[in-house]
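Student: just to be clear, the model below is a prediction. Sequence and coordinates:
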Amino acid sequence: MILQNIRPQADDIPRAVVSMIAGISLMDAVFIASTGNIPWMLLCTLDFLATLTFQKWIAGS
């Protein structure tokens, strides 16, 4: 049945939380880029990548 595909699986929720936590840094990078402050924008982008990397070993939720 089609409705069974809509229900979240056991690992969908933690993956979504990890993505949203990492996305905060990426949104910060976008907002900072709009001010023209490129060094801080790059730092926020690196924080995004670091968050995704470290959440392989440290649970985000």
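Tutor: That came in fine, so what should we check first? Residues are numbered from 1 along each chain as shown.
Student: in the protein, where is pLDDT below threshold?
Tutor: Residues of the chain meeting the criterion pLDDT under 70: 1-11, 60-61.
Student: biggest helix in it, by residue count?
Tutor: Longest helix of the chain, by residue count under DSSP state H: helix 12-33.
Student: centre of the chain to that one, how far?
Tutor: 3 Å (Cα atoms, centre = their mean, to the nearest Å).
Student: report the buried residues of that helix.
Tutor: 18, 22, 25, 26, 28, 29, 32 (16 or more other Cβ atoms under 10 Å). Heads up, the C-betas are built off the backbone N, CA and C, glycines and all.
Student: mind putting those into JSON lines with distance to residue 43?
Tutor: Shown next, in JSON lines, are the buried residues of helix 12-33 (distance: Cβ to Cβ, whole Å):
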{"residue": "18", "distance to residue 43": "21"}
{"residue": "22", "distance to residue 43": "15"}
{"residue": "25", "distance to residue 43": "9"}
{"residue": "26", "distance to residue 43": "12"}
{"residue": "28", "distance to residue 43": "9"}
{"residue": "29", "distance to residue 43": "8"}
{"residue": "32", "distance to residue 43": "9"}
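Student: closest to residue 42 out of those?
Tutor: residue 29 (7.9 Å; Cβ to Cβ).
Student: surely the closest one is in contact with residue 51?
Tutor: No: in this structure, residue 29 is not within contact of residue 51 by Cβ atoms under 8 Å, at 11.8 Å.
Student: okay, which residue is most central for the protein?
Tutor: With distances taken as Cα atoms, centre = their mean, the residue of the chain nearest its centroid is residue 22 (2.3 Å).
Student: distance check, it against residue 36.
Tutor: 24 Å (Cβ to Cβ, to the nearest Å).
Student: one more: residue 51?
Tutor: Residue 51 is 24 Å from residue 36, by Cβ to Cβ.
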